[in-house]
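Engineer: Sequence first, then the predicted structure, then my questions.
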Amino acid sequence: MSSAAITATPAGTAVSVPPLRRSWTPKWLRVGFLYAGLWVAFVWCVFPFYWMIATSLRAKDELFARPPSLVPHSFTFQSYIDLLVGAEFWRFALNSLILTASVTIISVAISVTAGYAMARHRFKGSVALPLFMLYGQMFPPVLLLIPFYIQLRWLGWLDSLYGLIPVYLSYMLPLCVWLMRGFFSQVPHSLEDAARLDGCTRWQAFWRVILPMARPGIVAVATWVMIHTWNEFLYASTFILSDKNRTLPLGLSGLIGQYTTDWGMLMAGGVITSAPILLVFFFLQKHLVSGVGGGAVKG
Amino acid sequence: MNARAPRNQQLRRTWSSVFETGTGARIYPYLMVLPAIIIVVGVVVYPLVSGVMSAFYDVTLRTLNSGDMAFVGLRNFERVFADPSFGIASFNTLVWVVLNVVVQLSLGLGLALLLHRAIPGIGFFRSGILVPWVVPSVVAVLTWRWMYDPSVGIVNELLVRWGIIEDYHPWLGDTATSLYAVTVESIWKGTPFVMLLLLAALQLVPRSILEAASMDGASGWRKLWHVILPQIRVSFAIAAVLTFILTVNNFNAIWLMTEGGPLNSSEILFTLAYKYGFQRYDLGMASAVATMLFVGLVIATTLYLKLIQAKEGE
C-alpha cells in the first residue's frame, strides 16, 4: 500500500495532502460526461446493426428513396419472404449447418484428449507442443490457401463441403488444443487422485471424472469453433465453385449483383445469418469472454 | 503412481487397464495427443512448408496440369518486385496496419476505461458495444457497403445533414477515400475485441493502488498515465500484436467492399497475393507475397509469445 502510494506520487511529497478528488469538476458533470461518452460509443457500435434490421424491414420502393430516412416509414416482411421462398437460401443454410456441425464435433473430440494430455502428463514435447499449437493459429491464411488449393485439386475435393473440413481444421484445431489445455489445467489434481484411489484406471478417471468437470470449458471451445466455422468466408469462397455447395456467408456475398443489388433481401439474409451467432453469444457470454481472457484468441 | 501400484492390481480389469503399467503407461500420453498431431502435421505443417516452397517454383495452372513445376529460384520474388502494384500494396498495407492498430488501441482503451465502472446500466452499454465483435464479419462488411452506397447510403445522408460534406460522395469508388472508408469499417469491427482484452486487464488492477493514487491527489490523466497504464502494459502489448495480426489477415473487409480497387487504391498485400493466386492463377507469385507476409507475422508472433510468457511469469 505505502509503496504503491510512493510510486504514484511524484517525489513522495503529497502523502499528507487530504483527499482532493478533482474538486474542479462537480460530480454531476462528470457523470454526465461519462453517460454521454457511453451513449456515443453505444450508438456508434449498434447503428450499423440497427441499419441492417431497418433495411431488411423496409418496402422495396422506400429502400431507394432519396434521401434515406433514419426511421422506416414502411414496415414489411417482404424481403424475408422473398429470401426464404427460394430454395437456395435453405440450401446454403443446410450446407453451413452440416459443415459447422462436422468441424465442431471433429475438432472438439480430437482436442479434448490432446489438451488433457498436455495439461496433465509429462512426455517428450509436453512443453513445446502447446506453444506450437499457439503458433499454428497465427499462420497467415493466404499462405496456406495456395497449398490447400493445389492439394484439394489433386484429390479432386475442390468444390465440395467435405473438402473444406480439413481446411477448417487447420484453422481451428491448434487453437482448440491450446484452449482445452488451459481449461484442463484449472481442474484440480485432487479430483483425479481421488478417482484413482477409488479404483478408476487413468482413462476412466479422465472419462468419468475430469471430462464432466471440464464441461464449461468444452462448451466454450465448441462455441468458438461453431462461430468461426459459421462465419468463415475466405476458404469457402476460394474452394467452393458451384452454387449448390455455397455456405451462408458465401451465399450472402453472391447476392451482390454486378449492376443492381437487392439490399433489402441481402440485409434480411444478414439478419438471419447473424441470429444464431447472437443467440449463442448472449447465452454463453460469460464462458466466451473468460475463454478470450485465458487464451487470447482470434476475433 | 508407484505407491498406488499394488492397489491397481486388485482392480476389475477393463480394456483401459492396458494403460496402467509398462509400455501401455508410457505410450498413453502419446496416444492421447496423436490424433491432434497427425491432423496438425497434415493440415498445418505440411501445407505451410509446401506453401513456402512453391514461392521458389514456377506454379501456374498450366504447370499444375502437366506436373512439371520447375525450380526458379528467386524469379517469383523478382517478378513481384517488378510489379508496380506491389509497391502500392506495400504502402497501403503500412497505412492500413498503422491506422487500424493505433485507432483500435486508443479507442479500445477509451472504451475499456468508460466501461470499467459500476454505474447503473453499464451491462446494457457493454452488451451494445460488443455487437460489432459478435456480428459475422461478412454480414458486417456488406452492411457497411450498403451504408456507404453512393446514391442512397445513410453515411452520405448523415454527413450531408451535419454539414460535413456538400454532396453525396462515392466513398468506396474514389481512389482517394476507398482505403480509409474500409479502414473505418475495420476499426468499427475490431475495437470491441481490444476493449474486451483491456477491460479484463483493468479489472485485475488492484483497487487499493487506484485509491492510494486518488488519496494522494493524482488527477485523472496522471492516474491513467502513471498508475493504470503501467499496470496493464502487458495486456496492452498483447492486444497490439493481436490487432496487428488480425489486421494483416483481414481479407473480408477489403475484398467484399472494394476487391482492392479502384485502381489498387485499397490493395493490401493479402488481397494482392489472392489476386495473383486466384485471378491470374500464378500461384508461385502468390506464394512469394504470402511468404513475405508470413515472415513479418512470425516476427510479430514471436514477440507475442514472449509477451504472454512474460505475463504468465508475473
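Structural biologist: On my side now, so go ahead.
Engineer: Outline the domain layout of the chain.
Structural biologist: You didn't pick a chain, so chain A it is. Here the domain parsing of chain A from automatic domain parsing is A:20-80, A:81-295.
Engineer: right idea, wrong chain: chain B
Structural biologist: B:2-56, B:76-313.
Engineer: Of these, which is nearest A:Ala93?
Structural biologist: Across the domains of chain B, A:Ala93 has its closest neighbour in domain B:76-313 (13.2 Å, C-beta to C-beta). Where C-beta positions appear, they are placed from N, C-alpha and C, glycine not excepted.
Engineer: Name the surrounding residues that touch the helix or strand hosting A:Leu152.
Structural biologist: Per DSSP states H and E, A:Leu152 falls inside helix A:141-155. Under the contact criterion C-beta atoms under 8 Å, 6 or more residues apart in numbering or on different chains, helix A:141-155 has outside partners A:158, A:163, A:167, A:170-171, A:234-235, A:238-239, B:44, B:46-48, B:50-52, B:54, B:59, B:64, B:249, B:251, B:270, B:273-274, B:277-278, B:283, B:286-287, B:289-291, B:293-294.
Engineer: Give the buried residues for the helix or strand following it.
Structural biologist: The element immediately downstream of helix A:141-155 (helix or strand, assigned by DSSP H and E) is helix A:161-184. For helix A:161-184, a neighbour-count test (16 or more other C-beta atoms under 10 Å in any protein chain shown) marks A:161, A:163-184 as buried.
Engineer: do stretch B:198-217 as well
Structural biologist: B:198-202, B:209-210, B:212-217.
Engineer: what bits of the stretch 1-150 of chain A have low per-residue confidence?
Structural biologist: Scanning the stretch 1-150 of chain A for pLDDT under 70 picks out A:1-25.
Engineer: Tell me where it has helices.
Structural biologist: Listed in chain order, the helices of the stretch 1-150 of chain A (DSSP state H, counting those that start in this stretch) span A:2-8, A:27-56, A:60-63, A:78-85, A:87-120, A:128-138, A:141-155.
Engineer: Determine whether any part of the fourth one lies close to chain B.
Structural biologist: Yep, that's helix A:78-85 we're talking about. No. Helix A:78-85 lies out of reach of chain B by C-beta under 8 Å from any C-beta of the partner chain, never closer than 12.6 Å.
Engineer: Report the angle between the helix or strand where B:Leu105 lies and helix A:27-56.
Structural biologist: Using DSSP H and E, B:Leu105 sits within helix B:84-115. Computed with axes from the mean of the first three to the mean of the last three C-alpha atoms, to 10 degrees, the direction of helix B:84-115 lies at 130 degrees from that of helix A:27-56.
Engineer: model confidence over stretch B:52-60, on average?
Structural biologist: Average pLDDT, stretch B:52-60: 88.
Engineer: repeat for stretch B:243-256
Structural biologist: 91.
Engineer: What's the end-to-end length of it?
Structural biologist: Start-to-end span of stretch B:243-256 (C-alpha to C-alpha, to the nearest Å) is 20 Å.
Engineer: I'd like the distance from it to the chain centre, please.
Structural biologist: 7 Å (C-alpha atoms, centre = their mean, to the nearest Å).
Engineer: what does stretch A:57-75 give?
Structural biologist: With C-alpha atoms, centre = their mean, you get 32 Å for stretch A:57-75.
Engineer: how long is it end to end?
Structural biologist: End-to-end distance for stretch A:57-75, by C-alpha to C-alpha: 6 Å.
Engineer: Just the buried ones from the contacts of helix A:141-155?
Structural biologist: Using 16+ other C-beta under 10 Å as the burial test, the contacts of helix A:141-155 include A:158, A:163, A:167, A:170-171, A:234-235, A:238-239, B:44, B:47-48, B:50-52, B:54, B:59, B:64, B:249, B:251, B:270, B:273-274, B:277-278, B:283, B:286-287, B:289-291, B:293-294 as buried.
Engineer: Would you mind reformatting the domains of chain B (as CSV) and adding columns for distance to A:Ile105 while you're at it?
Structural biologist: Formatted as CSV, these follow (distance: least, C-beta to C-beta, whole Å):
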stretch, distance to A:Ile105
domain B:2-56, 13
domain B:76-313, 21
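Engineer: can you put those domains in CSV and add distance to chain A?
Structural biologist: Shown next, in CSV, are the domains of chain B (distance: least, C-beta to the nearest C-beta, whole Å):
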stretch, distance to chain A
domain B:2-56, 4
domain B:76-313, 4
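Engineer: now could you export just the CA positions of stretch A:141-157 as PDB?
Structural biologist: Output in PDB follows, covering the C-alpha atoms of stretch A:141-157 (Å, rounded to 0.1, in the frame of the first residue of the first chain):
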ATOM      1  CA  PRO A 141      -4.400 -18.000 -44.200                       C
ATOM      2  CA  VAL A 142      -3.200 -16.700 -47.500                       C
ATOM      3  CA  LEU A 143       0.000 -18.800 -47.200                       C
ATOM      4  CA  LEU A 144      -2.000 -21.900 -46.500                       C
ATOM      5  CA  LEU A 145      -4.600 -21.100 -49.200                       C
ATOM      6  CA  ILE A 146      -2.300 -21.900 -52.100                       C
ATOM      7  CA  PRO A 147      -1.100 -25.400 -51.000                       C
ATOM      8  CA  PHE A 148      -4.600 -26.200 -49.900                       C
ATOM      9  CA  TYR A 149      -5.800 -25.300 -53.400                       C
ATOM     10  CA  ILE A 150      -3.200 -27.500 -55.000                       C
ATOM     11  CA  GLN A 151      -3.900 -30.400 -52.600                       C
ATOM     12  CA  LEU A 152      -7.700 -30.300 -53.000                       C
ATOM     13  CA  ARG A 153      -7.300 -30.100 -56.700                       C
ATOM     14  CA  TRP A 154      -5.100 -33.100 -56.700                       C
ATOM     15  CA  LEU A 155      -7.500 -35.000 -54.500                       C
ATOM     16  CA  GLY A 156     -10.500 -33.900 -56.600                       C
ATOM     17  CA  TRP A 157     -12.000 -32.300 -53.400                       C
END
